[in-house]
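Chemist: With the sequence up front, the predicted model follows.
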Amino acid sequence: MTIKLGIAPIAWTNDDMPELGSENSFEQCISEMALSGYVGTEIGNKYPRDPEVLKSYLEPRGLSVASAWFSAFLTTKPYEETAQAFIEHRDFLHAMGAKVIVVSEQGHSVQGQMETPVFDKKPVFNDEEWELLTTGLEKLGELAAEKDMKIVYHHHMGTGVQTTAEIKRLMDHTDPEKVSLLFDTGHLVFSGENPLEIYNLYQDRIFHIHFKDIREAKMAEVKANKMSFLNGVKEGVFTVPGDGMIDFNPIWEAIEKSGYEGWIVVEAEQDPAKANPFIYAKKARQYINDVTKL
């Protein structure tokens, strides 16, 4: 596998706020993905969960499944609860031909809380929670390996693994054979991190990439007004590559130099009533072509 380009359905219908894009159908979403020039998708809440049914929609459009989000609760619930849900998720993705499973720890997360300030109230794990997280993730990695798959950990705004120091702690205390990393440009810049530093540090463990951009003025607004993650999304803090503050040229140079193989997925959740997802998908595809020649 070389590099393939996909796009996430969250621009058409938001999983955390289903009222955003409720009018956009599943078939419209995947048809517009294909028309925009992408060959892959992640999974949204309108997607059929029967692998054969889903394939019957995706294959005629030249789309395949890159991965899908999994919420872990290793720091707040018994491991067995997360493991049971993970196995079901793993088996679905395996049936769809995906090679990686996106995992994010949602214990104590504020990302889904509409009124909680994303910066001021971000959770910080204690030593016991870190132990639960790292040992639990390694076990999930072992379960993924049973199907010749990998888990890729998604550092995320409003969670206990968001900052450079937190990503480093996670990487330092997990087995590289069991726990890999998802590299998300937007979440790193939003948090105040240096995406190139993270990429160069962990390129050997990065097996999935999300390209999203940040509107700098909106980011400043989120901080100044102590806004929640979800309200930041509604206000347009995220956008597609080429429409915000991030220069993807040096990031692409690092990716290309590292010999990365796998998916690059455009994931830029916005209010589709304000940012037509088809138009923005095409805008991102053109920008990525200009930068990467992919």
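Modeler: Done, it's in. Residues are numbered from 1 along each chain as shown.
Chemist: Dig out what Ile264 forms beta bridges with.
Modeler: In this entry, Ile264 is beta-bridged to Leu5, Ile209, by DSSP bridges.
Chemist: Check the gap between it and Asp16 for me.
Modeler: Using CB to CB, to the nearest Å, one gets 23 Å for the distance from Ile264 to Asp16. Quick note: C-beta positions are derived from backbone N, CA and C, even for glycine.
Chemist: out of these two, which sits in the more crowded spot?
Modeler: Ile264 (25 against 14; other CB atoms under 10 Å).
Chemist: and the more buried one, what does it touch?
Modeler: Ile264 makes contact with Ile3, Lys4, Leu5, Gly6, Ile209, His210, Phe211, Ile255, Ile288, Leu294 under the criterion CB atoms under 8 Å, 6 or more residues apart in numbering.
Chemist: same thing but at 6 Å, please
Modeler: Contact analysis of Ile264 by CB atoms under 6 Å, 6 or more residues apart in numbering lists Ile3, Leu5, Ile209, Phe211.
Chemist: most surrounded residue in those?
Modeler: Counting neighbours by other CB under 10 Å, the top entry in the contacts of Ile264 is Phe211, with 29 neighbours.
Chemist: Ile246 versus that one, what's the distance?
Modeler: 9 Å.
Chemist: what's downstream of the helix or strand containing Val53, the next helix or strand?
Modeler: Secondary structure here is read from DSSP states H and E; on that basis Val53 sits in helix 51-58. Taking DSSP H and E as the definition, the helix or strand that follows helix 51-58 towards the C-terminus is strand 64-65.
Chemist: Do me a favour and average the pLDDT over that following strand.
Modeler: Averaging pLDDT along strand 64-65 yields 98.
Chemist: Please name every helix or strand in contact with the next helix or strand along the chain from that strand.
Modeler: Of the helices and strands lying after strand 64-65 in sequence (DSSP H and E), the nearest is strand 69-72. With contacts defined as 3 or more CB pairs under 6 Å, 6 or more residues apart in numbering; DSSP states H and E, the secondary structure elements packing on strand 69-72 are strand 100-105.
Chemist: Next one: Leu63 from Phe92, what distance?
Modeler: When Leu63 is compared with Phe92 (using CB to CB), they lie 16 Å apart.
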